[in-house]
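S.K.: Fold the stuff below for me.
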Amino acid sequence: MARTARQGPFRSHHYRQAIRYADETGYTYEAGRSRYNVAVTMIDAGRLPDARAYAEAALVNFQRFGDRAAHNIQDAEQLIAAINQATAKKSKRQ
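M.R.: This is a model prediction of the structure:
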């Protein structure tokens, strides 16, 4: 567990660099994959609003590819739904 926590910021820093590079070079699909991965990392860190923002941005990236990215679109939509559910649970506990 501690190892994962230590790797989180390091990992997300590299994902953000990958996103910037992919955006700058026009690799929209790769930017979406990196955004999706950052969203998962943010969930693991308990940063649900940040996770939602990255997941929504990934979805927009994937939607540009239509049916060719159908699986990725579905994954991103499911991730957003899971984030929304976790956010609702967290709100009820407060």
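S.K.: Which positions in stretch 58-69 come out as buried?
M.R.: Neighbour-count burial for stretch 58-69 flags Ala58, Leu59, Asn61, Phe62, Ala69 (criterion: 16 or more other CB atoms under 10 Å). The way it works is simple: take the backbone N, C-alpha and C, and place the C-beta from them, glycine included.
S.K.: Which residue is the nearest non-sequential neighbour of Arg11?
M.R.: Closest residue to Arg11 apart from its sequence neighbours, by CB to CB, 6 or more residues apart in numbering: Thr41 at 5.9 Å.
S.K.: Quick check: the residue nearest to Ala22 when sequence neighbours are not counted vs Arg20, distance?
M.R.: Closest residue in space to Ala22, ignoring its immediate chain neighbours: Ala31 at 3.7 Å, by CB to CB, 6+ apart. Separation of Ala31 from Arg20 (CB to CB, to the nearest Å) stands at 9 Å.
S.K.: who's more crowded, these two?
M.R.: Set Ala31 next to Arg20 and count neighbours by other CB atoms under 10 Å: Ala31 wins out with 23 against 12.
S.K.: Averaged pLDDT, the helix or strand hosting that one. What do you get?
M.R.: Using DSSP states H and E, Ala31 maps to helix 28-44. Per-region confidence: helix 28-44 scores 94 on mean pLDDT.
S.K.: Tell me the buried residues in that helix?
M.R.: Quick answer for helix 28-44 (16+ other CB under 10 Å): 28, 30-43.
S.K.: Check stretch 73-83 too.
M.R.: Here stretch 73-83 shows Ile73, Asp75, Ala76, Leu79, Ile80, Ala82, Ile83 as buried, counting by 16+ other CB under 10 Å.
S.K.: just these now: which is nearest Pro49?
M.R.: Ile83 (8.8 Å; CB to CB).
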